[in-house]
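# From the sequence below, what's the structure:
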Amino acid sequence: MMPVSGRRAAALFIILAAACRMRGADIPALLAERVRSVVAVEYFTETESERRTTVAYGTVIDDRGTIILPPGAIDGHVPPAQLKDFKVFVPGDPSNGAGTYLGQDAYTGWHFVRADEKIRERLVPVTRFAAARHAPVPVLGDEVWGIGLRPLEEDFMPYYLGSHLALVQSLPQLTGEAQQEVAGPGLPVFNRDGVLVGLGLNSGGQPYVLYSQANRGGAPVYLVDVEESSLFLLAGEVLPYLNRIPGRVDGRPLAWLGADGLAPMDRDVADFLKLGGHSGAVVSEVLEGSPAERAGMKDHDIIIAIDGSPLPVFRPTRYVTEYVDREVERRRPGDVMTLTVLRGSERLTLMATLGDQPTLIREAKRKYFDRIGFTAREFVYGDAVDRRTRVVNSAGVIVHYVKPNTPASIAGLEPDDWIKDIDGVAVRSFADAVDKLSAIEFDPLRSEFVLLVSRGGDTAVLHVKLK
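Numbers count the residues shown, from 1 in each chain. Next comes the predicted model:
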């Protein structure tokens, strides 16, 4: 038998000790307990032309059956009124209970759903598996594991995913990246002892080179796994915000600053201004009538500090803009935000009292006209910004949806068209448009009408023939 050197013996001892520790963690038992804190949520998006099914995975956060879904689980532009028939599934069980959509929190981006009593008693809050005091922060090489769920056809059967921590970054929140997939998006991540260390994020794209007979040189492609992810938000970025359950389905109140088109400060600019090692967010445009405008902010100002604290340095630098946005979103209308900005070589302190976010597109009033074949939507503040027009001069309505092979479609009307006139008369408001279009819709003798629309800065006259 070959003798074992002292160094090799020590290395062998470490490997055996690690293996014993891994065996000591009863993964099947831990998984069986912690899977009760995860669910699958199915819901329908009901539009003028279809009823679309979506399934997302979520984590239970309290004894009332409250569930958080990741930001991408529900399209933030869809009006809550179009979200229908939420169902909550326990993994591995074909039965389900009803769910109620509570809204989205602007700061975390999470969507909140509450399970009904039928299924609530079978759920366990993930907070039961959190550390009593401070959330543990995994270090490089630590074993981490999480839960994945199979699709609906397999009754959302849960399965184990395991890996080791490879990297921690501020993006802008502290985010861990494992060596391989460690959890489904929106599902919890644990350490070897089963203590919560994070929450799965949507997967980042994995770069590959694709070779084919047509392209022998290879072409770069990115593959995104929508069911599993190696990225997870650290528990310290999750646990303090579980109480941000919206009081209203629209998520209001929503704080608003009005500094639009933020971009990271270029390194060359930072060096020129002798700000090497500092971070900044360049304001492309100060919006009309906004808190930023009232505070004295100007286009091209560079935000370098908030409430006296310099903006953190991020790599990649683009995350500084998300950081500024989140600093606004975690506040409430009426809060005062102290902004330090650079204007040329001058450093200024601006006091901005945050306002209430103007009506969002998803909140805009809308009405479908079946005979004509389109949905008209209220013109809101964001439409004025997109079309580079003054809010005080804006009127008319926006085309939200055009049904194929209808009079509106045949006339050439398209989504996002801005209707300014109907039959040669200016549209003063959404209510005015509804009155005019309703009169046309229900007039059996009406054979045609005329729309004046703006599209991409150009104006067109469309003749809509009803017969």
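# CA atoms only: put the lengthiest strand in the chain into PDB for me.
Counting residues, the longest strand found in the chain (DSSP state E) is strand 158-170. Provided in PDB are the C-alpha atoms of strand 158-170 (Å, rounded to 0.1, in the frame of the first residue of the first chain):
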ATOM      1  CA  PRO A 158     -41.200  19.900  -6.600                       C
ATOM      2  CA  TYR A 159     -37.600  19.000  -7.000                       C
ATOM      3  CA  TYR A 160     -34.200  19.800  -5.500                       C
ATOM      4  CA  LEU A 161     -31.600  22.100  -7.000                       C
ATOM      5  CA  GLY A 162     -28.200  22.400  -5.400                       C
ATOM      6  CA  SER A 163     -25.000  24.400  -6.100                       C
ATOM      7  CA  HIS A 164     -22.300  26.600  -4.500                       C
ATOM      8  CA  LEU A 165     -22.000  30.300  -4.300                       C
ATOM      9  CA  ALA A 166     -19.700  31.700  -7.000                       C
ATOM     10  CA  LEU A 167     -20.200  35.500  -6.800                       C
ATOM     11  CA  VAL A 168     -22.000  38.300  -4.900                       C
ATOM     12  CA  GLN A 169     -22.700  41.600  -6.600                       C
ATOM     13  CA  SER A 170     -24.700  44.800  -6.100                       C
END
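# tell me the average confidence for it?
Averaged across strand 158-170, pLDDT comes to 95.
# what pairs with it, and is each one parallel or antiparallel?
strand 143-149 (antiparallel), strand 174-178 (antiparallel) (DSSP bridges).
# Please identify the buried residues of that strand?
158, 161, 162, 163, 165 (16 or more other CB atoms under 10 Å). The way it works is simple: take the backbone N, C-alpha and C, and place the C-beta from them, glycine included.
# Residues touching it, excluding its own?
For strand 158-170, the surrounding residues in contact (CB atoms under 8 Å, 6 or more residues apart in numbering) are 27, 31, 35, 38, 91-92, 138-150, 174-183, 228, 230, 234, 312, 314-315, 319.
# Filter those down to the buried ones, PyMOL style.
Those of these that count as buried under 16+ other CB under 10 Å are selected in PyMOL with:
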select buried, resi 31+35+38+91+138+142+143+144+145+146+147+148+149+150+175+176+177+178+181+182+183+228+230+234+314+319
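# how near is residue 175 to residue 233?
6 Å (CB to CB, to the nearest Å).
# Out of the buried residues of strand 158-170, which comes closest to residue 249?
The closest of these to residue 249 turns out to be residue 158 (CB to CB; 29.8 Å).
# that older thread, so what sits against both of residue 175 and residue 233?
Common contact partners of residue 175 and residue 233 (CB under 8 Å, 6+ apart): residue 201.
# Which residues are in contact with the residue most central in space within the chain?
The centroid of the chain falls nearest to residue 71 when counting by CA atoms, centre = their mean (3.5 Å). Taking CB under 8 Å, 6+ apart as the criterion, residue 71 is in contact with 104, 108, 109, 110, 111.
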